[in-house]
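Chemist: got a predicted structure here, sequence first:
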Amino acid sequence: MNFRNWASRVSIIFFMLSALVLALSTGKVTQLPENTTTSSNQEITTWSQYPQIQIQQVETEVNQQQSLLASPTKPNPISGRYITTEAFNRYRPRYEIAAVDPSNYGERYTQDVNGVVLNNQPIIVIHETSNSASSAVNFFQTPHEDESWQASYHAIVELDGTVIYLVPPDKRAFGAANSVFEGANGPETVKTNPNLPPSVNNFAYHVSLETPPDGRGNNLITSHSGYTEAQYQSLAWLIAQSQIPEDRITTHKAVDRSGERADPFSFDSDRFFSWLNTYRQINPVYRAGN
C-alpha cells in the first residue's frame, strides 16, 4: 500500500470518528436531565390563556436588534378558541418591562387553605391606577413586608398606549383584595391566606389603565375625562393575545367586595370590545369543531 492510499484511509476513518463524536455530543446536549420536570399539559393550557408578551424587536444603544420573550408558551395556538388578526399584526404599541419587588407578587396556588384542589378558569380584571403610571410602578417596586400593603398588576397601559409589563402571566399579581367573580359558574373566589379575605388573584390577570390627570389625587370622584383611544387600542391588543372569552373579562368594580374600589371610572366597554374584536376572532378550526 503506497503512502497516498494509506493517508486517504486514515482521513476517512478520522472524519467518521469525528462525525460520531459530534452526534453523541449533540444527543447529550438535547436530552433533558433525569431530574428535570416539565409543566403538565393543563398548566401550559392555563398559562397560554393569559395575555403573552409577543416576540418584539427593540433597538439597543448600539442599534442592534434583540428579541424579548417573557413566556415559554406561544399565544393563540392553532387549536385555540381565538386567533389574532391582520389588524393585530399591524398595531405595535411601545412597551417597557419593569421588575416588581418579589414581596408584591407570588406563585399561583394549586390548592386553597383547606387543601381543596383549584380548577378556576382564568379571568381578566381591568383596573385604573388612580395616579400616574410611574407612581404605581414605583409603589410595586418598593418592598412591602406588611401584607395589607402588597400590591401589583400584571401590566399597565399608559396614556400614550405604552404597555408596561410588570408581573409574568403565570405568577399571581396582588391586584384585588377582598373580591369575588360572578360568572356563568356562580361566584368564584379563592382563599389562599388564612389571615386575609378570599380573592380572585389566584386565577386573575390584572391589567390597569393609567388614570388621566383630572382623575388623580381624589378618592371621592366617581368619574373623569376617560381614557385615550391609544389606551383602548393597546388594552385590546394585549388581551387579544389571550384565550379568555369575553364573559370572563371583568373590572375591579365588579369583583371588589371591600367597598373601597370602583375602578375603572368612565370605562367605555363598547369601545374596548370593538377594538378587541378587531384584534382577535374565533378560530375557524374551533368554530368547525363545535
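Modeler: The structure has been received and is ready for your questions. Numbering: from 1, shown residues only.
Chemist: need the contact list for residue 202.
Modeler: Contacts of residue 202 were listed using CB atoms under 8 Å, 6 or more residues apart in numbering, and they are 108-109, 118, 120, 172, 190, 192. In short, each C-beta sits where N, CA and C put it, glycine included.
Chemist: shaky segments in the stretch 151-290 of the chain?
Modeler: 288-290 (pLDDT under 70).
Chemist: so for stretch 168-180, what gets flagged as buried?
Modeler: Using 16 or more other CB atoms under 10 Å as the test for burial, stretch 168-180 gives 168-170, 172-180.
Chemist: same deal with stretch 118-132?
Modeler: Buried residues in stretch 118-132, counted by 16+ other CB under 10 Å: 120-132.
Chemist: please enumerate the helices of the stretch 151-290 of the chain.
Modeler: 229-239, 252-255, 269-279, 284-288 (DSSP state H, counting those that start in this stretch).
Chemist: would CSV of those helices with distance to residue 159 be doable?
Modeler: Shown next, in CSV, are the helices of the stretch 151-290 of the chain (distance: least, CB to CB, whole Å):
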stretch, distance to residue 159
helix 229-239, 6
helix 252-255, 19
helix 269-279, 16
helix 284-288, 35
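Chemist: tally of neighbours for the spatially closest residue to residue 104 that is not a sequence neighbour?
Modeler: Using CB to CB, 6 or more residues apart in numbering and skipping the chain neighbours, the partner closest in space to residue 104 is residue 152 (4.4 Å). Neighbourhood size, residue 152 [other CB atoms under 10 Å]: 26.
Chemist: re earlier: of the helices of the stretch 151-290 of the chain, which is nearest residue 218?
Modeler: With CB to CB as the criterion, residue 218 lies closest to helix 252-255 of the helices of the stretch 151-290 of the chain, at 16.8 Å.
Chemist: what packs against that closest one?
Modeler: strand 123-128, strand 181-183 (3 or more CB pairs under 8 Å, 6 or more residues apart in numbering; DSSP states H and E).
Chemist: the last one pairs with which strands, and in what direction?
Modeler: Same thing as strand 181-183. Strand pairing for strand 181-183, determined by DSSP bridges: strand 186-188 (antiparallel).
Chemist: show me what counts as buried in the partner strand.
Modeler: Neighbour-count burial for strand 186-188 [16+ other CB under 10 Å]: residue 188.
Chemist: now do residue 227 against residue 117, distance only.
Modeler: Noted for residue 227: a distance of 38 Å to residue 117, by CB to CB, to the nearest Å.
Chemist: and the two? Which one has more around it.
Modeler: residue 227 (24 against 8).
Chemist: and residue 253, how far is that from residue 116?
Modeler: Residue 253 sits at a distance of 28 Å from residue 116 (criterion: CB to CB).
Chemist: of the two, who's got more company?
Modeler: In this view residue 253 and residue 116 are compared by other CB under 10 Å, and residue 253 has more residues nearby, 16 against 10.
Chemist: that one and residue 262 touch, don't they?
Modeler: Yes - using CB atoms under 8 Å, residue 253 is in contact with residue 262, at 4.5 Å.
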